[in-house]
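Participant: Structure, please.
(one chain, ligands or ions: 1)
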Amino acid sequence: MRHQSWGGFAEGKNNLFTHPVLSEIGTAHDKSAAQVVLRWLIQREIVTIPKSVDPDRMAQNFDVFDFALTDEEMTRIAALDTGRTLFFDHHDPEMVAWLSKRRLDG
Ligand SMILES: NC(=O)c1ccc[n+]([C@@H]2O[C@H](COP(=O)([O-])OP(=O)(O)OC[C@H]3O[C@@H](n4cnc5c(N)ncnc54)[C@H](OP(=O)(O)O)[C@@H]3O)[C@@H](O)[C@H]2O)c1
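Facilitator: Numbering: from 1, shown residues only. Prediction:
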C-alpha cells in the first residue's frame, strides 16, 4: 500500500510556493520551493500527483529526479508540520458522517 498526496502543494495555501525555508533549501539545489515539496514527498515514498495548467510548471514538476534532499533538510521540512489540517479533518466524526452520507447518496 502506498500513500498518495492529494493536493500535495496544499493548493498553494500559506504561501507555500514562496515559503522561506522551502525556498532556501531550493536555492541550495538550484530548484524551486515546489520542486523541494515534490522531492520531500518522493523521498518519503509518497505518490505525487501535482496539478498545473502551465506547461513550464508541468515541466518543472517532472524535473525532480536529479537531486536529493539531505537528512537535515528532510528534518527541517518535517518541522514545518503544525499537526493541523489546512482542509478538513478526516478524524472529525461530523465530517466522517457527512462523507459517508455523500457516498450512500451517490
Ligand atoms: N486538494 C484536494 O483536496 C484533493 C482531493 C482529492 C484529489 N486531489 C487531486 O490531487 C491533484 C492535485 O491537487 P490540487 O490541484 O487540488 O492541488 P495542488 O496540486 O496542491 O496545487 C495545485 C496548485 O499549484 C499550482 N502549481 C502547480 N505546480 C506549480 C509549480 N511548480 N510552481 C508554482 N505553482 C504550481 C497550480 O497552479 P497552476 O495550475 O497555475 O500551475 C495550482 O494552483 C489533482 O489531480 C486533484 O484532483 C486533490
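
Participant: I'd like to check what contacts stretch 94-106. Which residues are they?
Facilitator: Residues outside stretch 94-106 that contact it (Cβ atoms under 8 Å, 6 or more residues apart in numbering) are Phe88, Asp89, His90. No exception for glycine: its C-beta is placed from N, CA and C like everyone else's.

Participant: can you redo those residues as TSV with secondary structure, distance to the ligand and pLDDT?
Facilitator: Listed next are the contacts of stretch 94-106 as TSV, based on DSSP: H, G, I helix; E, B strand; the rest coil; distance: Cβ to the nearest ligand atom, whole Å; pLDDT from 0 to 100:
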residue	secondary structure	distance to the ligand	pLDDT
Phe88	coil	9	83
Asp89	coil	13	85
His90	coil	11	83
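
Participant: Return the residues in contact with the residue in the chain that the ligand sits nearest to.
Facilitator: The nearest approach of the chain to the ligand comes at Gly7, 2.7 Å away (Cβ to the nearest ligand atom). Gly7 makes contacts with Phe87, as judged by Cβ under 8 Å, 6+ apart.

Participant: What helix or strand is it located in?
Facilitator: Using DSSP states H and E, Gly7 is not contained in any helix or strand.

Participant: can you pull the pLDDT of it?
Facilitator: According to the prediction, Gly7 has pLDDT 91.

Participant: Arg103 now?
Facilitator: Per the predicted model, pLDDT is 74 at Arg103.

Participant: So what's the residue count around it?
Facilitator: Close neighbours of Arg103, defined as other Cβ atoms under 10 Å, add up to 8.

Participant: Looks to me like Phe65 is in a helix.
Facilitator: No: looking at Phe65 with DSSP: H, G, I helix; E, B strand; the rest coil, it is coil, so not inside a helix.
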